[in-house]
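K.L.:
what's the 3D shape of this:
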Amino acid sequence: MTSLFRRLRGRCALAAVALALAVTASGCGDDDFSLPEWDAPGQNARVGNIMIRYAHVAEPQGEPWQPGDDVPAYVWLYNKGGEADRLVGASSPNAASVDIVDSNGKTLADGVDLPPNKLVELEPSTSHLMLQDVREMIRGGDFMKFTMRFEKAGPITFNIHSQIPAYDESPSPTY
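P.N.:
Residues are numbered from 1 along each chain as shown. As a prediction, this is how the structure comes out:
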């Protein structure tokens, strides 16, 4: 009986080592993506070959975003695949719609191209996302459900973060 137990335990250990080597060699679960190390706001996620980095709603200016406001959202997208993909849409239950817009606020009906092995930054001075007619107040630090849809990688839903305001901390004038 002891001999049988030792053989089974040995086979299980060999199977576990073989599985670990197979996963490591195949690159499964490989999330390597080098970006500068910095304390950036936002949420990270992955769907298919698309890596989503720093997804966040712009910080409110002076007071929380109010119902009815159009609120910008920013994200970096990296396509790790060998084929181009495209961000084709986004949505949130806290907005009437989420549009992909250019730097002037004009809707990009065809979405945003994501070439293979390229970083695409959706930021204020470029194409970005715009939550139209938000339904609830958004304070700095709040989270809300957010879905992004990609042509090939498909949809992904995650909680997007509203950036916490960084107010001016300069000293007050002395009288």
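K.L.:
the helices in this protein, which residues?
P.N.:
With DSSP state H, the ranges of helices along the chain come out as 2-26.
K.L.:
For it, give me the ranges with low pLDDT.
P.N.:
Scanning the chain for pLDDT under 70 picks out 1-41, 167-175.
K.L.:
quick one: the strands in it?
P.N.:
43-47, 50-57, 71-79, 85-91, 95-101, 112-114, 119-122, 128-134, 143-150, 154-162 (DSSP state E).
K.L.:
Between strand 43-47 and the fourth one, find me the angle.
P.N.:
The one in question is strand 85-91. 120 degrees (axes from the mean of the first three to the mean of the last three Cα atoms, to 10 degrees).
K.L.:
Tell me who's in contact with the most centrally placed residue in the chain.
P.N.:
In the chain, the centroid-proximal residue (Cα atoms, centre = their mean) is residue 52; its distance is 3.4 Å. Contacts of residue 52 were listed using Cβ atoms under 8 Å, 6 or more residues apart in numbering, and they are 43, 44, 45, 46, 75, 76, 77, 148, 156, 158. For every residue, glycine as well, the C-beta is placed using N, CA and C.
K.L.:
and if you look at residue 75?
P.N.:
42, 52, 53, 54, 55, 56, 122, 128, 129, 148.
K.L.:
Residue 128 too?
P.N.:
Residues in contact with residue 128 (Cβ under 8 Å, 6+ apart) are 72, 73, 74, 75, 100, 101, 103, 122.
K.L.:
how about the nearest residue to it, chain neighbours excluded?
P.N.:
Leaving aside its chain neighbours, residue 128 sits nearest to residue 122 (4.4 Å; criterion: Cβ to Cβ, 6 or more residues apart in numbering).
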